[in-house]
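[1] Sequence plus the predicted model coming up.
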Amino acid sequence: MTKDFTFTIKSICLDENYHPAVNTRITTNFANLARGSYRQANLRNALKMIDNRFNALAQWDNPKADRYSVELEIISVDIDIAGSGNSFPSIEILKTHIVDHHTNKRIEGIVGNNFSSYVRDYDFSVLLQEHNKDQPKFSIPDNFGELHGKLFKYFINSDSYKKHFKKPPVICLSVSDNKTYHRTENQHPALGVEYQPNEPSLTEQYFKKMGLQVRYFMPPNSVAPLAFYFVGDLLNDYTHLELISTISTMETFQKIYRPEIYNANATAGKSYQPNLKNLDHSLTQIVYDREERSKLANEQGKFAEQHFIKPYQTVLEQWSANYA
């Protein structure tokens, strides 16, 4: 009999007093900001940027651009392997809440937004690297992302998820710098102008195994498209305010982490290839160590291998083979 998994969901407020938990992936956007001597200023500035961007996008009945603020909650999901008595930190996502200061209402936003996962670190930083170590041509291992995809789908369909969240997640990522994106005629009031890539990226293929499809939109007054990964109908399943909460949050993170693309001084044209070597960009006032972040991804991939993949290999393979 294959052992099943259960999920434990914990949440913590992401505000200027936030300190990363011990088992938080430290490469996660918000955790990286909350370290070092500038941590409080970093968090305060990032949260202010999110509020400003939200009000700029939600401009109806908002003459002073101060009607709304966004509250963020970090959702940590531990996976418990039945019968083992052990749990492993599986994924971390963000939940947005919108505070309307005109009506004094707190409106539920979107869950997802940022997405981090130790098993994904293992797939990309350990498995993929080792598979290509002595290969003349880059290739992808068989079953790449299968286990991660099934675990994610199992979580989204679990009672734990449904008890905590009303709608499926939307995950918002940066565009790939080795693809070209073409502007279409399609336009959405909140998401902006739609772009389409010349071919699917490895990330797209990986997220597809998680049951997520993708569309690319450049929101009003943005300079580059964002990738929105979702289940169902992105344009009709979510309200404008919900979508704006995701745009304002994730575009702010991307301006900090990918300023060459999202804080560029020129706007994406009809045909657009992102460039991480673009010198014509502005920096935010937020301190961030990109080099440290890529080193940590390798360490975290090895952590997943050591504490999850290897000890439970038989259980995981058996479960994955039987999961429909």
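    Happy to help now that I have it. Note that the structure is a prediction, hence the values are computed from the model and not measured. Numbers count the residues shown, from 1 in each chain.
[2] Would you point out which residue is most central in the chain?
    Ranked by distance to the mean C-alpha position of the chain (CA atoms, centre = their mean), the top residue is N114 at 2.6 Å.
[3] That one and I93 touch, don't they?
    Yes: contact criterion CB atoms under 8 Å: N114 and I93 qualify, at 6.4 Å. Yep, even glycine has a C-beta here, placed from its N, CA and C like the rest.
[4] Need the overlap of contacts for the two.
    I171 (CB atoms under 8 Å, 6 or more residues apart in numbering).
[5] circling back: what's the helix or strand that the residue nearest to the centre of the chain is a member of in contact with?
    Using DSSP states H and E, N114 sits within strand 105-117. With contacts defined as CB under 8 Å, 6+ apart, strand 105-117 is touched by 25, 27-30, 70-71, 75, 90-100, 148, 152, 164-167, 169-173, 229, 238, 241-243, 245-246, 249-250, 253.
[6] Centre of the chain to the following helix or strand past that strand, how far?
    Next helix or strand after strand 105-117 toward the C-terminus (DSSP H and E): helix 118-121. Counting by CA atoms, centre = their mean, to the nearest Å, helix 118-121 is centred 13 Å from the centre of its parent chain.
[7] Which SSE is immediately downstream of the helix or strand of the chain with the lowest mean pLDDT?
    Least confident helix or strand, the chain: helix 29-33 with a mean of 63, by mean pLDDT, DSSP states H and E. Counting by DSSP H and E, the element after helix 29-33 in chain order, helix or strand, is helix 39-57.
[8] Partner strands of the helix or strand just after that following helix, with direction?
    Sequence-wise, the next helix or strand downstream of helix 39-57 (DSSP H and E) is strand 68-81. Note on strand 68-81: by DSSP bridges, its sheet partners are strand 5-14 (antiparallel), strand 87-100 (antiparallel).
[9] now, of those strands, which is deepest in the fold?
    strand 87-100 (a mean of 21; mean count of other CB atoms under 10 Å).
[10] give me the number of residues near A324?
    A324: 3 surrounding residues under other CB atoms under 10 Å.
[11] pLDDT at it, what is it?
    Looking at A324, its pLDDT stands at 71.
[12] Distance of it relative to Y312?
    Distance check for A324 against Y312: by CB to CB, to the nearest Å, it reads 20 Å.
[13] and the one helix or strand Q205 maps to, what does it pack onto?
    Under the criterion of DSSP H and E, Q205 resides in helix 202-208. With contacts taken as 3 or more CB pairs under 8 Å, 6 or more residues apart in numbering; DSSP states H and E, helix 202-208 sits against helix 146-156.
[14] Run through the stretch 51-200 of the chain and note the low-pLDDT ranges.
    82-83 (pLDDT under 70).
[15] If we use 90, what do you get?
    80-90, 116, 125, 127-143, 177-178, 199-200 (pLDDT under 90).
[16] Also the stretch 201-324 of the chain?
    Ranges of the stretch 201-324 of the chain meeting pLDDT under 90: 256-259, 275-301, 307, 311-312, 314-315, 317-318, 320-324.
[17] would you list every one of the helices in it?
    Using DSSP state H, counting those that start in this stretch, the helices of the stretch 201-324 of the chain run over 202-208, 234-237, 240-257, 259-262, 290-304, 313-322.
[18] Appreciated, that's everything.
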